[in-house]
Structures are given as C-alpha cells and as structure tokens.
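Student: Sequence and predicted structure are below.
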Amino acid sequence: MIDFEVLVRDGAARRARLVTAHGAVETPVFMPLATTGTVKAMTSEAVAATGARIVLGNTYHLMLRPGAERIAALGGLHRFMNWPHAILTDSGGFQVMSLASRRTIGEAGVTFRSHLDGSLHELTPERSVAIQHLLGADITMALDECTLHPSSPEAVQRATELTMRWAERSRHAFVERPGHGVFGIVQGGIDPDLRLRATARLIEIGFDGYAVGGLAVGEGQETMFSVLAATVPALPEDRPRYLMGVGKPADLVGAVLRGVDMFDCVLPTRSGRTAQAFTRHGTVNLRNARHADDPSPLDPECGCPACAGSGYSRAYLHHLCRSGEILGSMLLTAHNLRYYADLMAGMRAAIETGSLADFAADFASSQ
Ligand SMILES: [Zn+2]
C-alpha cells in the first residue's frame, strides 16, 4: 500500500503527495529515466540536485544485465545505484516489444531473445513482479502488452484483453509491503470504449495507482489529449495517475490540465546527449553555428550547473557539443532535467494558487 493524498485541486488538475518507502514525492512530477540503473551522464547526487525525488528503472534491461538476483544480493537497486529516493520500475513489457528479437507472446507471458547476447528468456506477469521485488522498487508496474500506432483494431483489442488478464495475475503476485505499491496499466489504443472497459476492469482488480500506456507512439498530441479526456475522468480520484512515456514540455502541461500526476520520458536525457536544450523560450540546438561566439549563458533564469553564475557560455557548450565532449552531455542533461523539474514545480505552485490555466497560457505564448 502506498499513501497518496490530494492536497489541492484546480479544475481537473491535482497537487498531491505520494509517500513511498523512500520518501515523499510531490506531484505532478516528472521521473527521469534510470533505465539501466543510471540516469545517463549524471551522478545520483546530480540527479537529486535537479530536484528529482523519484527515478524510473527498467526490468528488461536490469534482468539481462547485471541480473535481478545479483542486484538483490548487493542490497537492492537503491543501494546499487546509490539513490536513496524513490524508484518506479517498469514491467519490461514495452522493451520486450521494442528491443528483443524473436519474441513469442502467449497467454502465459512472452519469450524472447536478449538484444545483448541472444540468450533465451521468459517474462511472465509473475516473473516481472518478482524481478521488481528483487530490485526493491517502491512502485511496481503490472506487465502489459503495448501495441504501436497504427495497429489494427483487432490487434489492439487482443493486446488490451491480454493486458487485463496479465494485470490480475500481476496484482495477485505483488507482495504487500508498507510504502510499496503496484500500478495497473490502461491500454486500448485510441478507442475510447476499449480504454473505458480496460479502466473499469483495472479498478475492479484494485491497484495503488493507474497508468495510461500506449500513448505518444505516433498518434499525435490532439489524439493523445482526446484519449486522456476520455480515460482520466474514469480513474479513481484518490489514486495517482501516470501517463507513460510522455513527453514534450507542452504535452506535460496539457496532461496536467487533464488530471495526470506522473510522467516519464527519454526526451530531456536523450536530448541532453544530442545538443538539444529545453529553455523557457523554447528548444535550443547548441550545435547551431550561431552559438559559436555567444558569451551569454544558455538560460540566465536557470539554476542548473550549466547556467548558474557566469561559468559556462553558449559558445563553450557549442564547442563541447561539436567536439563530442562528455562534459557537453553532462551539462545539458543536468540543464534539461532541471528545466523539467522547474516546469513541474511551476505547475504545482500554480495549482496551489488556482492559476494553472494562466500558467498554461503563459507557457504556450513563451514557446
Ligand atoms: Zn540550466
């Protein structure tokens, strides 16, 4: 069981607090990806310094290397990666579908070959939950089958129904511990009726939180928002809602307005390694030659190590990115995660004063 308290409402948006075995998480929140047990290019201390209090680890990657049993023997994932705050692990379902080769999906689970060495593995709902327990995840995700967009209505329906059966088995396999919870995942593609049926079934099973999966897979922002508008109001008011794999800053603002509490996305960290910076005035490509002679900071209002004081200029960041220097990835990842953390903190403060609509309007005009 995991505590979740809604503190303030502003329209459909909520300002809430999730209390895990590894501390409280203020929501709405963005969770940086620590896929293989590391937020790429960042120390755990640097991740915490961006304001993050929860990161996301990955069952698929960690079961293959270094192995869940090994991490458990070393004291769990928190100790292994020297991260004292909360961890959510995803079930491995999405990575099996997108990375593994020669996969076979059946009622029992999915068998696949590792993308690392071709070795054969099986992931069932029970094994996924057991791996997440070995890792010591504060929040465990039920195993799901995610379809990509576009998929045929028959394929989406079949995957959604399998996901609901796997959800029940995942819930049953989860071992209750104080401060730990298990979330179900609503699938259903872009079909509102299927989404509502999946939602009703998951609520019947009963989870600590509810995730909306299978979005931001190519359907476009307008379709994503319409699926959220149809799905989120059907989710329990008193439980956290997590939109998986989303997204761009504008997606986060739109989804918080529609009542979503939690997010994860590869964008701020991956962009940090490809010279893309998110700022209060839109995205900046530091490889662009116009930065070569610019002595000004990336964003004078940002408190990250790349921007604070007058230490690092756009010209220097440009030089690091053009030279492929590791420091460029480190500074831009720190900056992007700080930008995302500040964006979420800004939304939390706006909800507290009942001004999220104004915040969203200001945000839209600044981009
Ligand atoms: Zn910065």
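Tutor: Thanks, I have it.

Student: Apart from its neighbours in sequence, what residue is nearest H22?
Tutor: The shortest distance from H22 to any non-neighbouring residue, by C-beta to C-beta, 6 or more residues apart in numbering, is to A86 (4.5 Å). (Glycine included, C-beta is placed from N, CA and C.)

Student: Could you give me the buried positions within the helix or strand harbouring R9?
Tutor: In this structure, R9 sits in strand 3-10 according to DSSP states H and E. For strand 3-10, the neighbour count (16 or more other C-beta atoms under 10 Å) marks 4, 10 as buried.

Student: likewise stretch 257-275?
Tutor: So stretch 257-275, judged by 16+ other C-beta under 10 Å, has buried residues 257-265, 267-269, 271-273, 275.

Student: Check stretch 58-65 too.
Tutor: Buried, per 16+ other C-beta under 10 Å, within stretch 58-65: 58-64.

Student: Same question for stretch 80-95.
Tutor: Residues of stretch 80-95 classed as buried: 80-81, 83, 85-95 (neighbour count, 16+ other C-beta under 10 Å).

Student: which parts of the stretch 251-367 of the chain sit against the ion?
Tutor: For the stretch 251-367 of the chain, the residues in contact with the ion (C-beta under 5 Å from the ion) are 302, 304, 306-307, 335.

Student: How many neighbouring residues does G282 have?
Tutor: Around G282 there are 10 other residues, counting by other C-beta atoms under 10 Å.

Student: What is the neighbour count of the spatially closest residue to it that is not a sequence neighbour?
Tutor: Spatially, and ignoring its direct neighbours in sequence, G282 is nearest to Q367 (5.0 Å; C-beta to C-beta, 6+ apart). Applying other C-beta under 10 Å, we find 14 residues neighbouring Q367.

Student: Next, the buried residues of the helix or strand hosting R348.
Tutor: Under DSSP H and E, the secondary-structure element containing R348 is helix 326-352. Neighbour counts over helix 326-352 (16+ other C-beta under 10 Å) mark 328-344, 346-348, 350-351 as buried.

Student: Do you know the pLDDT at whichever residue of the stretch 151-300 of the chain sits closest to the ion?
Tutor: Residue of the stretch 151-300 of the chain nearest the ion, by C-beta to the ion: D299 (5.1 Å). In this model, D299 is scored at 95, pLDDT.

Student: Skipping its backbone neighbours, what lies nearest it in space?
Tutor: Take D299 and drop its neighbours on the chain: the residue closest to it by C-beta to C-beta, 6+ apart is T279, 4.5 Å away.

Student: one step back: adding pLDDT, secondary structure and distance to V232, write the buried residues of stretch 58-65 out as TSV.
Tutor: Shown next, in TSV, are the buried residues of stretch 58-65 (pLDDT from 0 to 100; DSSP: H, G, I helix; E, B strand; the rest coil; distance: C-beta to C-beta, whole Å):
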residue	pLDDT	secondary structure	distance to V232
N58	97	strand	25
T59	97	helix	26
Y60	96	helix	27
H61	96	helix	29
L62	98	helix	30
M63	97	helix	31
L64	96	helix	34
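
Student: quick one: contacts for L298?
Tutor: By C-beta atoms under 8 Å, 6 or more residues apart in numbering, the contact set of L298 is 277, 279, 284, 286, 306-307, 312, 314, 317, 335.

Student: what's the offset of the helix or strand where I87 lies from the middle of its chain?
Tutor: In the assignment (DSSP H and E), I87 maps to strand 86-90. Relative to the chain's own centre, strand 86-90 is displaced by 9 Å; criterion: C-alpha atoms, centre = their mean, to the nearest Å.

Student: right, and the helix or strand after that strand?
Tutor: Next along the chain after strand 86-90, taking DSSP H and E as the criterion, comes helix 93-98.

Student: That next one - contacts with which helices or strands?
Tutor: Helix 93-98 makes packing contacts with helix 59-64, strand 110-113 when contacts are defined by 3 or more C-beta pairs under 8 Å, 6 or more residues apart in numbering; DSSP states H and E.

Student: Report the next helix or strand after the first one in sequence order.
Tutor: Once the chain leaves helix 59-64, the next helix or strand it forms, by DSSP H and E, is helix 68-73.

Student: Same check on the last one?
Tutor: Beyond strand 110-113 on the C-terminal side, the first helix or strand identified by DSSP H and E is strand 120-123.

Student: picking that back up, which other residues reach the helix or strand following the helix holding R348?
Tutor: Beyond helix 326-352 on the C-terminal side, the first helix or strand identified by DSSP H and E is helix 356-366. Residues outside helix 356-366 that contact it (C-beta under 8 Å, 6+ apart) are 10-11, 13, 249-250, 253-254, 256-257, 280-282, 346-347, 350.
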